[in-house]
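Novice: next input, structure requested:
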Amino acid sequence: MTVAVSAPLEPSASLSVEKVLSVKHWNEHLFSFTITRPASFRFRSGEFVMIGLQGDNGKPLLRAYSVASPAYAEELEFLSIKVADGPLTSKLQQIQVGDDIYLGRKPTGTLVTDALKPGRRLFLLGTGTGLAPWMSIIRDPDVYDLFNQIVVVHSVRRLSDLAYRDVLESKLAEDPLVDEAAANQLSYVPTVTREDFHTRDRIDVLIKDGRLFKDGAANPPRFDPEHDRVMLCGSMAMIKETAELLESLGFTEGSNAHPGDYVIERAFVG
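Specialist: This is a model prediction of the structure:
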């Protein structure tokens, strides 16, 4: 029997071909991986880029992924779900070290500090793989010069879905570029909605009862449009609900052209 061998990936004007450097499976439906970074690839912490593999038709099969590594990193890191029948993720979850992968040449996005007005507190609210851009932002030294306090909120269904939990709980203790700043300025608020955990409520509940602000005792236990800035990434329901709440409080949505008080990634939510 002849086994079909996929043709090698070929770069194009819009895509480079990179090597997979590492793969980590967090559980049966969540994994992260790193790939080589072209010398010419430049991005702002929090942006996304197209990555992918060869489709069954021989053409690139691509999807937008937030970069989880900071802008200065030598490797590019991504966090992904596993979908058994997903056109791309069914293939992507099988990648191994040394495999080739497509990388778009033009990163973009609005989950960047450039799209926000200056402020004192930065809230990074994410569900599921919506944590990825926050991992990029909080490992960027510049963000600690822009904000006095950075709060990462990660809501998941199961305990094993708390990717990077050890890194976040340690406040990036092993990252020499940001460890001192993060020790003083970074807060981590994980919540698990479907298993026993010390916090089991959705993000909207944590906002309403004030627990979201527990590590900022010296600051208001509520959102303040004058000093607070917010980024949202994850489920469309969370983004829609929280954006409506922020708008009701006087927050304005920002963009690269017009910085505001909060931002979402329009390319992901439509």
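Novice: since we're on Leu88, how many residues are nearby?
Specialist: Leu88: 17 surrounding residues under other C-beta atoms under 10 Å. Placement of C-beta: from N, CA and C, glycine included.
Novice: can you check Pro225 too?
Specialist: So Pro225, with other C-beta under 10 Å, has 18 neighbours.
Novice: wait, doesn't it sit right on Leu249?
Specialist: Yes - shown here, Pro225 and Leu249 form a contact pair, counting by C-beta atoms under 8 Å, at 5.8 Å.
Novice: the helix or strand where Thr34 lies: how far from the chain's middle?
Specialist: Here Thr34 sits within strand 30-36, counting by DSSP states H and E. Distance of strand 30-36 from its chain centroid, counting by C-alpha atoms, centre = their mean, to the nearest Å, is 13 Å.
Novice: can you spell out which helices and strands pack onto it?
Specialist: In terms of contacts (3 or more C-beta pairs under 8 Å, 6 or more residues apart in numbering; DSSP states H and E), strand 30-36 is packed against strand 15-27, strand 75-81.
Novice: what's in contact with stretch 166-174?
Specialist: With contact meaning C-beta atoms under 8 Å, 6 or more residues apart in numbering, stretch 166-174 is reached by 135, 138-139, 152, 154, 178-179, 182-183, 186, 188, 190.
Novice: mind running it again at 10 Å?
Specialist: 131, 134-135, 138-139, 152, 154, 162, 164, 175, 178-190 (C-beta atoms under 10 Å, 6 or more residues apart in numbering).
Novice: give me the subset of those lying in helices.
Specialist: 134-135, 138, 179-185 (DSSP state H).
Novice: got those as a markdown table, with neighbour count, distance to His258 and pLDDT columns?
Specialist: Output for the ones in helices among the contacts of stretch 166-174, formatted as a markdown table (neighbours: other C-beta atoms under 10 Å; distance: C-beta to C-beta, whole Å; pLDDT from 0 to 100):
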| residue | neighbour count | distance to His258 | pLDDT |
| --- | --- | --- | --- |
| Trp134 | 28 | 23 | 98 |
| Met135 | 27 | 26 | 98 |
| Ile138 | 28 | 25 | 98 |
| Asp179 | 14 | 34 | 96 |
| Glu180 | 14 | 34 | 97 |
| Ala181 | 18 | 28 | 97 |
| Ala182 | 23 | 30 | 97 |
| Ala183 | 12 | 34 | 96 |
| Asn184 | 10 | 31 | 96 |
| Gln185 | 19 | 27 | 96 |
